[in-house]
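1. Coordinates for the following, if possible.
(chains A, B and C)
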Amino acid sequence: MRKLAFLGVGSLLLALGALAIDSPTPAAQAAQSAADTLPAWKLAAGDSGSLKGPRQPIFFRHDIHVGVNKMPCQYCHSSVAESSEPGIPTMASCMGCHLIIGGSDSSHKVEIKKLRDAWNAKQPIEWIRVHSVARHAHFPHMRHIKALGPNACQSCHGDVARMPQVFKVNNINNMGFCITCHLERKINRDCTACHY
Amino acid sequence: MATIVRDPSVPTQTHHEVTRDVVNTLGTAGRGYLLLLAGAVGLFLVGIGTFIMLLKDGLGLAGYNPPVFWSVFITTFVFWVGIGHAGTLISAILFLFRSPWRTAVYRATEAMTVFAVMTAGLFPIIHIGRQWFFYWLMPYPNQRWLWPNFKSPLVWDVFAISTYLTVSTTFLCVGLVPDVAAARDIMSGWRQKVYNIFSLGWKGTDNQWRHYSRAYLYLAALATPLVLSVHSVVSWDFAMSIIPGWHGTIFAPYFVAGAIYSGVGMVFTLLIPLRRVLKLEHMITDYHFDNLAKLTLFTGSILFYAYLMEYFVGWYSGNTFEQTTFWRRAFGPMWWGGWTMIICNAFVSQLLWFRKIRTNLTSLFIISIFINIGMWFERYVIITSSLGNDFLPFAWSQMNPTWADWGILAGSFGWFGMWFLLFARTFPVVAIQEIKEQIPYPRLRKGGH
Amino acid sequence: MSDATQPEGIDRRRFLTVLGVTGAGAAAVSGCSTAKVEKLVPYLVQSDDQIPGIPTWYASTCTECGAGCGLHVKTREARAIKLEGNPAHPVNAGKLCAHGQSALQGLYNPGRVKGPMARRDGGFTAITWDEAIALLSEKLQAAGGKLGVISGAGRGTFSDLLSAWTQAQGGRVVRYQAFDFEPVRAANQQVFGTSEIPAYDFAAARYILSFGTDFLTDFVSPVEHQRGFAESHGFNNGQMAKHVMLAPRLSLTGMNADEWIMLRPGSEAAVALAMANVILTERTGNPADANGLRTALAAWTPEKAQEASGVGAEVIRRLAREFASAQPSLAVAGGIATQHRGAIQACAAVNLLNYVAGNVGRTVKFGADLDAGDGYAALESLLQAMEKGQFAVMIVHEANPAYSLPKAGGFAASFAKVPFKVSTSLYFDETSHLCDLLLPGQHALERWDDLRPRRGVTGLLQPVMEPVFPTLPTGDLLLRTAQKLGGALAALSAPSYEAHLKTQWLKTLGTDEAWRSALQHGGVYGDTPVTSVKLAATAANVAYTAPVFDGDAGIDAFFFAPVPSVMGDGRFANRPWMLELPDPVTKITWHSWVEMHPETARRIDVREGEIVQLTSPNGTLSVPVYITPAIHPEVLAVPLGMGHTAFGDFATGRGVNALDLLDGKDGQGFLPYQSARVTLTRTREFKKVAKTEGTTRQLGRGIADAMTLAQARAGMTPALARKAEGHEVEEINTDREVEAIEGFRASQLEKRNIGPYAAEGLPMWGMVIDLSRCTGCSSCVTACYAENNIPWVGEEAILKGREMTWMRIERYWEGGEDGDPLEARVVPMLCQHCDNAPCEPVCPVYAAYHTPDGLNGQVYNRCVGTRYCGNNCPYKVRYFNWSAYNKKAFPEPLNLGLNPDVTVRARGVMEKCTFCVQRIRGAQNTARLEDRALRDDDVVTACAQACPSNAITFGNMNDPASRVTQAQQSSRGYHILEDLNVRPAVTYLAKVLHRSEG
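-> Got it, this is the predicted structure:
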């Protein structure tokens, strides 16, 4: 109902506002995001709140899993190549490793303990969602993986391997972000390719 | 001694009297005026309230009944655009034709135009399903690489209306400059400040006059084609579709004539009371009304002809869909609307052949009310009755307006009336300068032979 | 700028329980706001058959009626979102009726009982399952065998278990279906000495004679019948069967008859006997033993039949000859619409007719033994026992006798005599309101079970998802009480009903592999045996005596005809899809009506919508009038299944219950629905009838076109046929116009192939609808609702013509005046995806536009709602979201059934049929992953998939080999409103009329 508030202000104002909202360039965002890519495995768990991106229930370190341990994205996001949904790893697949791996330093141990406790309590962890495409747009991940290869993830999601805490590099809900790419690559720009 | 036959277009007052009388209209408001204003504002608030409800619960509140996807809102939109046209016709076209009788009335009608178009401009927004996205109808660069569809008559509308609003507003303001200056020199207090702004530092030097009259002429020339183009475009909102009863080739001239007809009707409705309230009887005289009435008669007759043609074409086309549509317009469930429009517009206008009626303000006022009603119904009938029974009989249906429809309609009248009344109190509603121009060289009262 | 179009109260947590990311699509947010915090909730352990974003299909069996059709259940992220027929199943072969599809709304119904409840001081209070079972066992213990069970369950392992369980305690169980076929069974007993219900082979019949039986709607196995009917009656290279309907009222089946003969209610037997007589006397080479009937039948002359039925003797002779000469033919009788006190003799007479015509064994196949419960007689005796207070505990399972028996029968009173009453109903229905303990069972899609609808066919049910509510399968309930009670019940020791079911199956199947493959195929299907039957001695006793009707005959008295409608026996009345589905005959939604012939209306001077009072000796109804030519002037018809006093918010207080006018107590062993006379009184109050129809006549616009069989055989086009009929046909365009149009079309196509599109070898999607097969059953409509998240809008909106049915069935009447026969024409109307679409150029924002593959695209999130497209659409198939229907139409837990692949439309946007673009894009994605081109059968729209008569073909018109391109070649092909030159992508094949002369 935020809509109503807008309307209160008056349609014209809204129009201008919308114009403004309507055109941030993806590039700009990418630039400013570059700031906090750093040898992040030095980070202590405590200050994840000070990092970019939403603070997750567990300080899950993409930079360690992907950056240091060189795990392929699809190890966890397994359905990305076959389904429109990349999927997030089940608790079981986390535990697959973390039954054994308890973490190298205290800060890691703390976080991994959270995971094990949750597993023992049979309580799924509620991750905070970082990227979500507007509901009226259908994004078939598999088509993009098929076309761009298994490591194409970062072209939208940014260099996750260097993110201690994942944040949004590109405004994926900014249709311009999709269109630019489809234009460059001369890909179908038919509306009903995504909107139906 | 021989009686002097006076040219009725020549005012009787002196320069000084003109200025005085007109400036008097700007004095503090009388009771009648305040009542009118209060009424207008009240109606306007009703409209606002309704609009907020529409935003909250959606257009479902109005009486739409598919396949009737358009009804009262579009009707009222066309109605107000139409009203505007008489103003431009009188102020611009008659100016180019140098017809003297326009001077006393054109300021008021020009104002009417501006406010009518302002009112009409609201409706495309009110009427769409997601009002908060109305700006998507305008072409603006965006990262989605999307433009409006220039093939769509609705987009033409956006351009037509905004152009019309800009030009007629400029035309009005430019016309005001010398008069406001005159008022400025007399008035004091806040009014003087306002007039200062609107008179754009007018001194009345020869130079200024030379540029001014040129500018005014050009603007008049610019406004003139709009009288024809704008309402033609509006008519194409319908004529470009394939709906029987809509895609008539005669629509453009038909609508333009209708527009001017309804406009002049509205001029009567406004001027006759205004003239009394502002005590301008000796400036806006029977002579002016007589001419306006002739204009009404003329456009009314065109309309009469258009109605005949519509039915004739409907029958002559041999197209079963057309035939059904017009049959049902006259004898179907909407018969009452169909006949209201024919009687109020085609028949009533014919009364104006009689001079007695033309010069009798009461009868003119009554007729003008008929005209307003008739012209609103014309659009209502064309829109809803044509939509209600087009190609697939299974889908036929009729719509009944609800409180939401009436609320918005009332609101539009309030909004229009409010602006017009405020204008009438704040700015000279009669063009001081141009009247003065028509006054013969000042002579002593006691002169003559 | 977020315009949240998420269904009201959609509980994201629950919605995403399985996997957060998959909320996609099921709820739409237009605008770019992701401000609200969304959670991603992972599986603990992912079941191996669940891949997020990819549907999982389970085979199961439909339990909505006794027919037992096979199901394929589409689940996404472990939520059932669509029901389709199982192509491997012998009964429905991949097709499904509207009722079957609406099971989804039974599963997700807000009116479900959300857990066990006990009556404590008046009201119901929730208890735990353990308490519930303890309580039940204790009561059963105390009852000491004084136990009664009324079960609506179909025949299968459960019903076996139930009777074993009941009998072990010395109780009685009755399997009761409100719509049973007792007269048919009695008649078969009398004529053939077997009381089983045969399978009717409509596909083989060359001549179909229906004595008022609405076999497409409510008779035994509707989907199977419709498949067969379409096979034989659909025009198929020169051949088609003829279908004649003898009935006082035109049902859906009657609408599909080539000839409708109006006969007086109750007189079917007279006509059938006369026809049998004519055949026997005129034809040689009758079955040997049939000649024995000569003497018995001699008395029944056509003349005699004429005075009984009002059908001309000559007509009867003609029909008899046609019927006998067409080999094989098929006559059907029975069903609710003819269940008057003479029903048995009618069915028996028709049996004789079939027998003398030699159809028994060819189109009437005994041996199938279709399931129809234990019958009304059994129930009556149980009720008498109940009346006498012989039961201490009464359990009602999947039945609602408090509603489906006439009040005059006094069920409530005698039910009250039972001290402890238990209901396992899923819903708060009338019966459960009378009970002391509610033990809600599980929905067919949530539990393990099986069905034996007929010999040779066993369908399996398996849970396709977690239960929506903490309910307990009644099978487990029985087993757990058995374990508690022990004693005679000790034998029932299976740990769970699932285990019990599996052991039962393994007895026959043997191996686990067999069991798994059975699960995979949804059951085990052998061939149905055909046993031959001989005439029984009692066959000769068949006679016609005018049936008795309650209430006195008088000039102001009418025959009262309660007819089955979309609501069935009332079990579907709590499902919005069914309430909003226009009745196939009257096109009325959401409320009851009384059908009246125009003459009658004129005579007693009532207009449509006037509320009239119908009074019988047993009660009074107030119901609005609907005037239709499709009914006998002496008959007033009221639909069954409405007027619930409980059964959830959707059903309660909606319409009237036609049963209230009936006398419940009747000695014949079945409930005579058509047995009352009523008097009518006007109230002069009016209620606008909520029908979706504007005008009932085509006004010669050739919308639903038809031609005679001769013309079709001659390969005439509809236009030529019309000319032959003497209608003038004006040529559509001058050459210059055609030139211009072609030019425009060419440029359109060219534009389409610019740039990236050119490479893709684009398809051009199109559809063919064969009106000679379409019956108007409206199965496609419900399929469309389910597939495309179409919101129901409710009665008030329908009254304003605001229904959102992307696919609607238009029904037009032809003839019916001054002597020429009344004929119904149906035409499914959906977006025609025109090449020169009028809706596209007028949209100011390109929300309506043409896609490269020939679809008429509609981009919801771009639409601002000017509605010009809606105005300019000549087919009126664009639907506007006047209010936030998406918030109203999917209350918890109905929202769980939403299709995640389809955007839920916001308030203020236009929507319409998309040719199931989500299926097209899905198929294209798959094809691309597999590096192959699309195959012809890759894309099937929801409507085409569901259509029981295979009337709809969808495919790529650019592929000369595709089925759709083939079908388009038919000479019967035409486009509706062709002269508008909008170039529709939907081609209709004209209906073919098999008139006597033709």
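2. Run through the strands of the stretch 151-300 of chain C in chain order.
-> With DSSP state E, counting those that start in this stretch as the criterion, the stretch 151-300 of chain C has strands at C:172-175, C:199-200, C:207-210, C:242-246, C:259-261.
3. so for the top helix by length along chain A, what's the average pLDDT?
-> Ordering each helix of chain A by length in residues (DSSP state H) puts helix A:106-120 first. In this model, helix A:106-120 has a mean pLDDT of 88.
4. Over to residue B:366: give its phi and psi.
-> phi -60, psi -50 (degrees, to the nearest 10).
5. Can you give me the neighbour number for the residue of chain B found nearest chain A?
-> Nearest to chain A in chain B, going by C-beta to the nearest C-beta, is residue B:143, at a distance of 2.7 Å. All C-beta atoms are positioned from the backbone trio N, CA, C, and that covers glycine. Around residue B:143 there are 17 other residues, counting by other C-beta atoms under 10 Å in any protein chain shown.
6. what's the closest of the strands of the stretch 151-300 of chain C to residue B:196?
-> Taking C-beta to C-beta, strand C:259-261 is the member of the strands of the stretch 151-300 of chain C nearest to residue B:196, at 86.7 Å.
7. where's the closest one relative to the chain centroid, distance-wise?
-> Distance of strand C:259-261 from its chain centroid, counting by C-alpha atoms, centre = their mean, to the nearest Å, is 23 Å.
8. List the buried residues in that strand.
-> Residues of strand C:259-261 classed as buried: C:259, C:260, C:261 (neighbour count, 16 or more other C-beta atoms under 10 Å in any protein chain shown).
9. Can you point out the helix or strand that includes the residue lying closest to residue C:63 once chain neighbours are set aside?
-> The shortest distance from residue C:63 to any non-neighbouring residue, by C-beta to C-beta, 6 or more residues apart in numbering or on different chains, is to residue C:444 (4.3 Å). Using DSSP states H and E, residue C:444 falls within no helix or strand.
10. Where does the residue of chain A found nearest chain C sit: helix, strand or coil?
-> The nearest approach of chain A to chain C comes at residue A:85, 3.2 Å away (C-beta to the nearest C-beta). Following DSSP: H, G, I helix; E, B strand; the rest coil, residue A:85 is assigned to coil.
11. hang on, isn't it packed against residue C:55?
-> No - with contact defined as C-beta atoms under 8 Å, residue A:85 does not reach residue C:55; the gap is 11.7 Å.
12. between the two, who's got more neighbours?
-> Per other C-beta under 10 Å, whichever of residue A:85 and residue C:55 has more neighbours is residue A:85, with 26 against 16.
13. Next, give phi and psi for that one.
-> phi -100, psi 130.
14. Point out the residues in the stretch 251-400 of chain B that sit beside chain C.
-> By C-beta under 8 Å from any C-beta of the partner chain, the part of the stretch 251-400 of chain B that sits against chain C consists of B:318, B:320, B:324, B:387, B:389-397, B:399.
15. could you flag which of these are buried?
-> B:324, B:387, B:389, B:390, B:391, B:392, B:393, B:394, B:395, B:396, B:397, B:399.
16. Just the ones of these in strands?
-> Judged by DSSP state E, these include no members of strands.
17. Kindly indicate which of those lies nearest residue C:613.
-> residue B:397 (29.0 Å).
18. Do you know the pLDDT at the closest one?
-> 90.
19. try the one 3 residues further on
-> The pLDDT attached to residue B:400 in the predicted structure is 90.
20. residues in contact with it?
-> Residue B:400 is in contact with B:63, B:65, counting by C-beta atoms under 8 Å, 6 or more residues apart in numbering or on different chains.
21. All set now, cheers.
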